[in-house]
Every structure is written in structure tokens, then in C-alpha cells.
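In: This is the structure alone, sequence omitted:
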């Protein structure tokens, strides 16, 4: 055999060993890469699952919050309507109170006039005063009628 042939066989053997080593190294690297990818795929799946749970919870919570907001909005509208109604009732009551006070004042004035006329009637004793007495009685009767009307109006308002 020639030296070139022996050298070629050594190179082939060395290349063969080198190829086997590279092949073995590639297999180990590929196994590490597969293991690495599997771990990261599991982590990604876990993260995705967690994200989906959080998203689902947030959607549910948002829906509940929207419902609660709508309920509170409705209560606010109801409360505002009640306040408006109470303000209207209060204004009506104040108007009625003012009318009652006015009628009470009118009643007091008429009572005063009646008392004044009664004093005048009781003071009249002479014949010449009889005519004035009659006029005073007429005024008294008118005042009494007006007093009854005012008193009736006051009762109707209350």
C-alpha cells in the first residue's frame, strides 16, 4: 500500500470519527433544544391559560360593575324625582300656609270689627242712637257673614 492510500484511510477514519462526533453533538444539541422548547411551550401555555382566566374574570367583573352602575343610575334618577316631588309639595304647602296666615289675619280683623261694633251697640242707649244702633247691627251682621265666609274658606283650605 502506498503512503497516500494509508494517509487517505487515516483521513477517512478521522473524518468518520469527526462526523460521528458532530452527529452526536448535533443529537445532544437537538435534544437540549427540544427540552428547552417543551419547557417554554409549557410556560407559554400556562401564561396563556392564566391570561384567559384573568380576561374571563375581568369581563365578568366589568359586566357586574356595569349592572351595578345602571342600578345606581336608576336609583339616582328615582331619588332626584322624589326630591323634585318633595320640593313641589313643600312649595304647595308654603303657599297654603301663606293663604292660611292671610285668612287668619283677615279673620282677626273681622273679629276686631265685630267686637268694636258690639261695643258701639252696647253703648248706644238713647232714642236718637237707635237709628245708629240699627246701622251698627247691620254692619255687625255683614261682618259676621263675612267672618263665616272667611272661616269657611279657611276650613276648606285646611
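Out: Alright, I've got the coordinates. Computed from a prediction, not measured in an experiment: that's the story for all the values here. Numbers count the residues shown, from 1 in each chain.

In: all helices for this protein, in order.
Out: 3-123, 128-157 (DSSP state H).

In: just flag whichever of those helices has the lowest average confidence.
Out: Averaging pLDDT over each of the helices of the chain singles out helix 128-157 as the lowest, with a mean of 79.

In: for that one, packing partners?
Out: Judged by 3 or more CB pairs under 8 Å, 6 or more residues apart in numbering; DSSP states H and E, helix 128-157 is in contact with helix 3-123. To be clear about C-beta, it is placed using only N, CA and C from the backbone, and glycine gets the same treatment.

In: And the residue nearest the centre of the chain?
Out: The residue lying closest to the centre of the chain (CA atoms, centre = their mean) is residue 76, at 3.3 Å.

In: Contacts only, for that residue.
Out: Contacts for residue 76 (CB atoms under 8 Å, 6 or more residues apart in numbering) come out as none.

In: Kindly provide the distance from it to residue 138.
Out: For residue 76, the distance to residue 138 (CB to CB, to the nearest Å) stands at 64 Å.

In: Ok, residue 15 next?
Out: Using CB to CB, we find residue 15 at a distance of 151 Å from residue 138.

In: got it, and residue 153?
Out: Relative to residue 138, residue 153 is positioned 23 Å away (CB to CB).

In: Which one of the two is surrounded by more residues?
Out: Comparing residue 153 with residue 138 by other CB atoms under 10 Å, the one with more neighbours is residue 153, at 15 against 11.
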